[in-house]
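> Here is a sequence together with a model predicted from it:
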Amino acid sequence: MNEPYLEGMTRPAGTIRNLLEGANVGDAFLRNTRWLKWMILNVGDPLYTPFGAKLTPFDTYFPSNSLSLVPRQLIGGQKQIEAVLTVADPAPPEGLNVNLWAENDLLLVPQSVTIPPGGNSVTFPISTNTVTSPVDVRITASSPSSQVTNTASLYPLLGGIALTPNSLEAGGTVSCTVILNDAAPPGGVTVQLVSDNPEVAAVPSDVFIPGGRTKRTFSVATSAGSADPLTVNITASYAGAQVTAALVVTP
């Protein structure tokens, strides 16, 4: 008499028979395990179609209230932002008037824009002003039915000043690089330079960075100023922005 076996257990007689017939161990095991065979049938059933029309619902577009800014990070005073205001519901027959304002005057936004009748969006430009340090400015668009915000990040064109090396013995030469946060405009830019101890490390009064370039490198000669190490601060200035690098000159 055959002994009963539990659901999901392997039938040893069938497994041995399949092995003798030439099946490998894994195949023989799967053929004689009820639970595994049931799972394979249901999970791997090629007729199983959970979505109608064989399309997933995740690629369906649903308009939502939003305010996009392109670009969102830029040099203040050099470029405009293209803003796109989108609303979830189509504008009424008379159009939808949306009020706009920014946190400060670094972004010049119109007082309002109008989404045309039946439309869901409107595109408008935003001008920027020059900044002397990085700053984030929030823009708000408000209508009777919604309110959305976004933030633009403005940067000065002057990015930094690098010294290589930043510490050396008197009499050596330093490579000094003025760096911009973006390419210089077509006419180029002139960056002012000053050293707080020109007797130890003298710098030119200015350097010119041609249009399309992002940096300019020049040499700075050093000389002894005292028996002790001295720190010389070299400052670059442009359009109200300033950056400083410290140079240590040892005897």
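Right, received. Where do you want to start?

> Could you use CA atoms for every contact and neighbour count after this?
OK.

> I'd like the distance between the residue nearest the centre of the chain and R216.
Taking CA atoms, centre = their mean, the centroid of the chain lies closest to Q73, which sits 8.5 Å from it. Taking CA to CA, to the nearest Å as the measure, Q73 and R216 are separated by 23 Å.

> Quote the end-to-end distance of stretch 145-163.
Start and end residues of stretch 145-163 are separated by 55 Å (CA to CA).

> Give me the mean pLDDT for it.
Averaging pLDDT along stretch 145-163 gives 95.

> can you give me the strands in the stretch 151-251 of the chain?
Here the stretch 151-251 of the chain has its strands, by DSSP state E, counting those that start in this stretch, at 158-164, 167-169, 173-180, 189-195, 206-209, 215-221, 230-238, 241-250.

> what packs against the second one?
Think strand 167-169. Other elements packing on strand 167-169 under the criterion 3 or more CA pairs under 8 Å, 6 or more residues apart in numbering; DSSP states H and E are strand 241-250.

> what are the pairing partners of the strand it packs on, and which direction each?
Applying DSSP bridges, strand 241-250 is found paired with strand 167-169 (parallel), strand 230-238 (antiparallel).

> is it true that P116 touches A91?
Yes. In this structure P116 lies within contact range of A91 using CA atoms under 8 Å: 6.5 Å.

> Just give the closest residue to L69, not the sequence neighbours.
Residue nearest to L69 in three dimensions, not counting chain neighbours: A83, with 4.7 Å by CA to CA, 6 or more residues apart in numbering.

> What is the distance between the strand or helix carrying the one you found and the centre of its chain?
Using DSSP states H and E, A83 sits in strand 81-86. Computed by CA atoms, centre = their mean, to the nearest Å, the chain-centroid distance of strand 81-86 equals 18 Å.
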